[in-house]
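J.: mind folding the following:
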Amino acid sequence: MDIGELRRDYSQRGLDLADLNPDPFAQFELWFQQAREAELLEPNALVLSTVSPAGAPYQRTVLLKYFDRDGFVFFTNYGSRKAQHMAENAQVSMLFPWYSLERQLAIAGTASKISAAESLRYFSSRPRGSQLGAWVSQQSSIISSRQLLEMQFEKMKEKFLNQEVPLPIFWGGYRVKPTSFEFWQGRPSRLHDRFLYSWKDSEWAIARLSP
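T.: Predicted coordinates for the structure are as follows:
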């Protein structure tokens, strides 16, 4: 299959240094709000990259659940592949692929577990089905069939019938504290705009990168 002719010339908008907020968190919030206003499918979806103890990179999509100046928070099973990787190597990267806006945003940083109290606050806000699902899924482990998964779900429904679903001790959040942000805006003729924020000498430095 020859797909060499599949291409699109990006021409919606440009990005200049004068357009950027000197604070990358504020710039992220602006772009994130614009992604929401554009009604993108899952604007909070990001590709999380981790590295195995053997040095092999892995990627998967997770959902950003909240962010502040302390970092970006997502949730997972502590026994999952990504959690095992982060226990060995806390350096991760996150990519927000906002294709219809001809944008992407890459954030590199260090991941660490949030407190059980903070995880509980978010867990309590989840739909009941998602709470039960957290108890059922031993994420990344091999299972023999979907039927077994659904049977376990029914068992958990019975176990916690007429009571609040407690926070599993094996489930919770991670916060990624950024060390760099790269804002990418598509431009015609592949002369894209790229700006890198790097944390240096207790402040954010901004540099334009060649496309």
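J.: return the helix or strand in this structure with minimum mean pLDDT.
T.: helix 146-159 (a mean of 93; mean pLDDT, DSSP states H and E).
J.: could you pull out the strands in the protein for me?
T.: Listed in chain order, the strands of the chain (DSSP state E) span 45-51, 57-63, 66-68, 71-77, 91-98, 103-113, 171-185, 193-200, 203-209.
J.: let me know the pLDDT of the residue nearest the centre of the chain.
T.: Central residue of the chain (Cα atoms, centre = their mean): residue 46, 3.7 Å from the mean position. pLDDT, residue 46: 98.
J.: let me know how buried the residue nearest to it when sequence neighbours are not counted is, in neighbour terms.
T.: Leaving out its chain neighbours, the residue that sits closest to residue 46 by Cβ to Cβ, 6 or more residues apart in numbering is residue 94, at 4.7 Å. C-beta coordinates here come from the backbone N, C-alpha and C atoms, glycine included. The local packing of residue 94 (other Cβ atoms under 10 Å) involves 21 other residues.
J.: also the one 5 residues further on?
T.: When counting by other Cβ under 10 Å, one arrives at 11 neighbours for residue 99.
J.: now residue 18
T.: 5.
J.: can you tell me how far it sits from residue 211?
T.: Per Cβ to Cβ, to the nearest Å, residue 18 is found 19 Å from residue 211.
J.: swap in residue 61?
T.: With Cβ to Cβ as the criterion, residue 61 and residue 211 are 25 Å apart.
J.: again with residue 179
T.: 22 Å.
J.: then residue 152?
T.: Separation of residue 152 from residue 211 (Cβ to Cβ): 49 Å.
J.: these two: which is more packed in?
T.: residue 152 (17 against 13).
J.: and that one, what does it touch?
T.: By Cβ atoms under 8 Å, 6 or more residues apart in numbering, the contact list for residue 152 reads residue 136.
J.: any idea how far it is from residue 4?
T.: Separation of residue 152 from residue 4 (Cβ to Cβ): 47 Å.
J.: residue 129 now?
T.: Relative to residue 4, and taking Cβ to Cβ, residue 129 is found at 44 Å.
J.: and these two? Which one has more around it.
T.: residue 129 (11 against 6).
J.: which one of the strands of the chain lies closest to residue 83?
T.: Closest to residue 83 of the strands of the chain is strand 71-77 (Cβ to Cβ; 5.8 Å).
J.: tell me the contacts of residue 125?
T.: Residue 125 neighbours (Cβ under 8 Å, 6+ apart): none.
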